[in-house]
Structure formats: C-alpha cells, structure tokens
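Student: Let me see the structure of the following:
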Amino acid sequence: MKAIKTYRLKRGMTQEELAEKSGISRQTIITLESNKKANVTVGVLRRIATALGVPVSAFFKHQTSSISDCGGKEK
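Tutor: Next up, the predicted model:
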C-alpha cells in the first residue's frame, strides 16, 4: 500500500517510528509499503491509520476496481 508510505513520509516519520507509534512490527510496515501480498486485518490498518492521523479509507482512495478490471463482464 503505497499510501501508507506516502502518509508516513508526509509526516516525517521513519518506518521504525510508525511501528512504535502504531504497535505494528517494522517488518509488517515494510511489507505493506512494498506492496507485497500480506494478510493484514482491518485492525492493523486502523492502528496504522490512527498513528498517521488519517482514516483507514485514505489507504484505498486511489485503488478502485470494477468488474471489467478483474476480467469479468459487466451486464
């Protein structure tokens, strides 16, 4: 989720600082920022969002998809 990195950098935070403030491991922050597949819960996203001072929805603002984007057919 590139948005996490964007918001973190806008706030002048390191990955370590975000990890400390959110209570999420630095490795999880690294994985999420690098867009690697990760099993992440809403709770984890909420803790990161709170630490960054943004709503969870901010992480998904630019990630829209439709049925046609997934290879399906719209009716």
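Student: Just checking the distance from the helix ranked longest in the chain to the centre of its chain.
Tutor: Criterion DSSP state H: the longest helix present in the chain is helix 42-52. Remark: helix 42-52 is offset 8 Å from the chain centroid, using Cα atoms, centre = their mean, to the nearest Å.
Student: now do stretch 40-59
Tutor: Here stretch 40-59 shows a centroid-to-chain-centroid distance of 7 Å under the convention Cα atoms, centre = their mean.
Student: picking up where we left off before, which helices and strands does the longest helix of the chain pack with?
Tutor: helix 2-10, helix 15-22, helix 26-33 (3 or more Cβ pairs under 8 Å, 6 or more residues apart in numbering; DSSP states H and E). (C-beta placed from N, C-alpha, C; glycine too.)
Student: what about 6 Å?
Tutor: With contacts taken as 3 or more Cβ pairs under 6 Å, 6 or more residues apart in numbering; DSSP states H and E, helix 42-52 sits against helix 15-22.
Student: residues in contact with I48?
Tutor: With contacts taken as Cβ atoms under 6 Å, 6 or more residues apart in numbering, I48 has the following neighbours: S22.
Student: Please apply the same query to S57.
Tutor: Counting by Cβ under 6 Å, 6+ apart, S57 has no contacts.
Student: Which residues does stretch 3-10 contact?
Tutor: Among residues not part of stretch 3-10, those counted as contacts by Cβ under 6 Å, 6+ apart are 18, 32-33, 52, 54, 59.
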